[in-house]
Every structure is written in structure tokens, then in C-alpha cells.
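sequence and predicted structure below; questions after.
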Amino acid sequence: MSARERGLNIGLASLLLVVPLAAAYFGEPYYLTLATRIAILSIAAVGLNFALGLGGLVSFGHAAYFGLGGYAAGILANHALNGQAILAWPMEIGGTTFMPAIWLVAVLVAALTAFLIGMLSLRTTGVYFIMITLAFAQMLYYFAVSWPAYGGEDGLPVYVRNSFPGLNTFDPVQFFLISFAALMVSLAIFSVLRNSNFGLALRASRQNAGRLESLGIEVFRLRLTAFVVSGAITGLAGALYADLNRFVSPQMLSWHMSGEIMVFVILGGVGRLFGPVAGAALYIFLEQSLGEVSDYWQVFLGLLLLCVVLFARGGLIGTVLDRRNG
Amino acid sequence: MAEPILRIYNLTKSFGALLATDGVSLDLKPGEIHALIGPNGAGKSTLVKLIVGELRQNSGSIEFRGVRVDGLGAAERARRGLARSFQVSSIFPELTVFENVFLAVQGTRGRTYRFFGNDISNAEFSHLASTQVERAKLGARSAAVASELSHGERRRLEVAMALAMRPKALLLDEPMAGVGAEGTRELTNLLKEIRAESPILLIEHDMDAVFALADRISVLVNGRLVSTGSVSEIRNNEDVRKAYLGYEDD
């Protein structure tokens, strides 16, 4: 990463931290909620960026991990509140409202699901891979819709925000800080992994998979590992999102969500560390500003996306860096 | 005579009705350069793919360092010391020259699943990689992105990557393709150096290079091995001249 990109990243992180806190201080707490949403959606996109940006794995089903993380949080919290065990046999497992435990479960469930889906879908490439990941996510979506125990189509409310030791999670500032910290941690993980031996091989697999095999590196295993890490990060985002909205619905599992996560990555800059953050922030900004003008604001989003894909392949981050270079 | 490093026995591969490899048996002994020649479409590349495990044979066996490897995957064979270079340069275009070569070190040493930190700072590994970069005369280009290399430089990067694997046998698929007279001379010298470290199965169209380097030559025509012998035996073999060298047309 160039010094210029590092500077831009620090600037973006500072903006995301300072602007909402300042707004809250001056009596505009709404921006705090928006910034919290940006932070959480960014985490989801950091997860996808790992598979898509580094490994070239175009997963169109990352809503699966996002939604599963959300349902993990919602289901655990509901059981904790109504006192019923989730599982009575072979051992009794109850719910919890303890955030770190919920995150752990969300990450594990997402990782396990990514492993199973990856085992099957990574045998294909290209369009087939896109379609299979989409199909698996849609299967989970319809499963959530048709399973009445946890709200089915209506979704599952979480009446009380889960707890974090030493913090008051109901305070929007504190919940924002938790989300922001989680984003920074996931970005740190992304950065460390990208620069590791594993990251080098993963980037190479996107460029020339066959050659990697001839150097003694099994591409399938490499991709599967990356896919699991990717799903796990997105799962964490899902758990936070459930807490933000205090509500989980099948919508979190739908293909719209998969598309949105992918749009964040592409808008911001595929493979860039802060691409997901820039993309999610721009998306939320457009949603808020254009949403006021027209209910059909996504038309403009579509046009913008078209321009990015046609003329600015590096996304927001890539374009800004190029501009400053020239 | 020393035991062969690589022994191929009665290898057969067909694609539908086309018999691409038809009962080929050959071996590679320590210290030798064994050239494989044959007209276009003779099945040379198919044979290479079978040996390294990119294709699976229909029948026959491949023994490498005394062990059957024909059931193993390509990556496993690579880690055991079977290295290849590609006919059309196959590199990682967005990585630097050094990273390209370093991946070969990392891969054969089984160090890919290191998630935190990298081995580029490891003196032994980076020395191994930079030695091969220097040797391929790419030292000045070490930090360049591979997509910026000239054709000749890419050919040498190919060879450097294969050498960084510390191979026990080296399969070079037309390393001289399109590098010009100067490039051919450089590569010929490099291969002469390498043969002491690792025997080479050399697939090559440049007959001057083949005759200058090879200890033995095998001729492949229509998937069948028509002849194996020393340079002078092959030069004077009537069948080979007819089938491939085409001297009669001169």
C-alpha cells in the first residue's frame, strides 16, 4: 500500500469517527445511527472484499452469512429473554444476551455455512459460481420465510439490545463505538491476512490459478479457506446489524442484500483495504440525499454503478488515488 | 547406471477418439537433459500435462524418485520436486518478479497457510528466491510488476520460478519459444548450468539448442514414441528424418 493510500485510509477512518460524534454533540443523533449502519455494512463488505477482491471469488450469496449472523443474534437473544432452551437434548443450550458470546456464535455459524457452501460451489468458477452461491443464499432465505418458529416472513424482533460488559449498548454513542471498533478490527484482520503468505497465494490464485498448482499450492483448499474467513467476517456484521435494528428479518438473507454488499465493494474499489468503507458510506449518502428527492433513487445508483464499472474500475478509492497521482 | 529419477511406463491418454498419448515409455536419469521433440500436434504438451498431473492418464504409470505418483494431484507432485515451465509464459502479472519467484519457494515448502506475517523477511527463503532472480538475470527487475516484463524476461522468469522450487526433475515446455538468437544463447547457458542440479526433460523446437544440450533425444509422432537415442543416433535415424526433421526437403 502506498503512503498516499494509507493517508486516505486514515482520513476516511477519522471522518467516520469524528463526524457522527460531532453531530451527536450538536444535537443531531440521527447521523450517529447512519454512521453505525455504515460501519456495520462496511464490515459485511470487508468480508466479501476478502473473497472477491483478493481471491476473485464473485460470491453473489453473501447475504447468507450476513443473515445467519443476524439470526444467530436474534435467536440467542430471544431465548435468553423468554427463558426457553434452544436445544434440550443432548445437552441443554440456552440463549444469551452477552454480545461477545453472540458474536462468537454468529462467526462460527457463518464460517461453518461458508465451509459447506464453499465445498460445493468452489468446484465451479465464473458464472456458475455466481449462480450457485446465489442459489444457496436463496435457499436459506426461503427457509427463513417459511419457518414460523422465529417469525417467518414477519421477522424476529429483538426487544432489548444485547449487552457488552462495562458499556451501555443502548447509548447510541457507545453502540456506534462498538461497531466502529469492530470495523477497525476486521480491517486489521484483512490487512494482516493480505500481507501474509496466505494473502500472497490468494492474490496469485485470482491471477493465474493453474500456475499456483504447479508451484505446489492446492487452489481449492486455498479458496475454501478464504471463503470461510470471508463468510465469518460478514457473519459478525450480521450480528451487529441485528442489534442495531433490534430486528432480524429474512430480508437480511435475500439476494438484494447480496447485491448491496457487492455494490459496496465495487463502488469503493475492489481489493482496496478501505474500499468497502468508502462504498458503504457513498451508498448510504446517496440513499439519504437522493432518497429525499425521489423514491426511485436507485436509478441514479444504477447509473453511478455503470459509470464506475465502465470508467473507474478502481472504484472510489482507486479514482481518488489516480487523480492525485496525475 | 544410476536409477532414473522419473520413469514413465506405457502411458496412454485419449480424448474421445483421439489417442493423444499412445503407450509412451521413457525415463529421465540424474544429471541428463532428455529432449523430447516432435511435430506440432504430436502430443508433447499432453505428455507434459500427464507427467505433472494436470491431466489424468487412462492407463500406464508414472514413477518419480522411486514412488508411483500417477494418482497424486499436480500440487502434491510439485511439492515432491516435479517442476515445470509453461510453453506460453504463465506468471502472476500483478505481482512483482520477486513475489512470483517467492511463491514457488513458499509453495514447495508448504508455507502457504501462514496467516499472520510472511516469510519474505525470512532470510533463507528470500535468499533462495533472490538467488534464482539473479541467476535468470532479472536482478535489476526484481521489484518490477511482472506484466511489465518483455517476452524474453518472462521466459526467464518462468525458468526462475521452476528453479526456485529446488526441483528433483525439471520439465521445460519450449523454454526458447520466441526469444530470438540472443535469448536462446542465454537460456542455453542457463540450462547447461542447471543440469548438474536437476535432470531436465526438455521439449523444444529449436533444433540447434536441442543438439547442443541434449544427452538423449526422444521423438514423438502422433502420440507414439518412434525413437529414443543419442544425438547422433537421432540425427542419422531415417524414420526420424522423414517424420520430423524433414532434411530431405532441404
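Noted; the coordinates are in hand.

going forward, measure contacts between C-alpha atoms and count neighbours the same way
OK.

give me the number of residues near the one residue in the stretch 101-250 of chain A that gets nearest to chain B?
Closest to chain B within the stretch 101-250 of chain A is residue A:216: 3.9 Å, counting by C-alpha to the nearest C-alpha. By the measure other C-alpha atoms under 10 Å in any protein chain shown, the count of residues near residue A:216 is 29.

okay but it is in contact with residue B:78, surely?
Yes. The criterion here is C-alpha atoms under 8 Å, and residue A:216 meets it with residue B:78 at 4.7 Å.

now do the shared contacts for those two.
Among the neighbours of residue A:216, those also in contact with residue B:78 (C-alpha atoms under 8 Å, 6 or more residues apart in numbering or on different chains) are residue B:108.

rewinding a little: and the residue of the stretch 101-250 of chain A closest to chain B, helix, strand or coil?
Classification of residue A:216 using DSSP: H, G, I helix; E, B strand; the rest coil returns coil.

three-state assignment of the residue nearest the centre of chain A?
With distances taken as C-alpha atoms, centre = their mean, the residue of chain A nearest its centroid is residue A:44 (0.6 Å). At residue A:44 the chain is in helix, as set by three-state DSSP.

quick check: closest non-adjacent residue to residue 53.
Because you didn't say which chain, this covers chain A. Nearest residue to residue A:53, sequence neighbours excluded (C-alpha to C-alpha, 6 or more residues apart in numbering or on different chains): residue A:271, at 3.7 Å.

nope, chain B
residue B:74 (4.4 Å).

same question, residue A:160
Nearest to residue A:160 is residue A:246, by C-alpha to C-alpha, 6+ apart, at 7.1 Å.

contacts only, for the one you found.
Counting by C-alpha under 8 Å, 6+ apart, the residues that residue A:246 touches are A:157, A:158, A:159, A:160, A:161.

what about the helices in chain A?
Applying DSSP state H to chain A gives helices spanning A:3-25, A:30-49, A:63-82, A:99-121, A:126-146, A:172-194, A:197-207, A:209-214, A:219-245, A:255-268, A:275-293, A:298-311, A:315-325.

confidence score at the residue of the stretch 101-250 of chain A closest to chain B?
Listed pLDDT for residue A:216 reads 95.

doesn't residue A:234 make contact with the residue nearest to the centre of chain A?
Yes. Residue A:44 is in contact with residue A:234 according to C-alpha under 8 Å; the separation is 4.1 Å.

how many neighbours does the residue in chain B that chain A sits nearest to have?
Closest to chain A within chain B is residue B:75: 3.9 Å, counting by C-alpha to the nearest C-alpha. The local packing of residue B:75 (other C-alpha under 10 Å) involves 25 other residues.

quick one: which helix or strand includes it?
helix B:74-79 (DSSP states H and E).

what residues are up against the residue of chain B closest to chain A?
A:212, A:213, A:214, A:215, A:216, A:217, A:218 are the contacts of residue B:75 under C-alpha under 8 Å, 6+ apart.

if we use 6 Å, what do you get?
A:213, A:214, A:216, A:217, A:218 (C-alpha atoms under 6 Å, 6 or more residues apart in numbering or on different chains).

what count of nearby residues applies to the second one?
Okay, so that is residue A:214. 29.

now the buried members of the contacts of residue A:246.
Neighbour-count burial within the contacts of residue A:246 applies to A:157, A:158, A:161; the criterion is 16 or more other C-alpha atoms under 10 Å in any protein chain shown.

pLDDT and distance to residue A:205 added to the residues you listed, as TSV?
TSV is the format used below for the buried ones among the contacts of residue A:246 (pLDDT from 0 to 100; distance: C-alpha to C-alpha, whole Å):
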residue	pLDDT	distance to residue A:205
A:157	94	42
A:158	90	41
A:161	90	41
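
and which of those is nearest residue A:94?
residue A:158 (15.9 Å; C-alpha to C-alpha).

tell me which parts of chain B are close to chain A?
When proximity is defined as C-alpha under 6 Å from any C-alpha of the partner chain, chain B approaches chain A at B:75, B:78-79, B:92, B:104, B:107-108, B:112-118.

tell me the residues on chain A that lie near chain B, please.
A:193, A:196, A:197, A:198, A:207, A:213, A:214, A:215, A:216, A:217, A:218.

next, give me the two most distant ones among the residues you listed.
That would be A:193 and A:214, which, of the residues of chain A next to chain B, are the farthest apart (C-alpha to C-alpha) at 22.9 Å.
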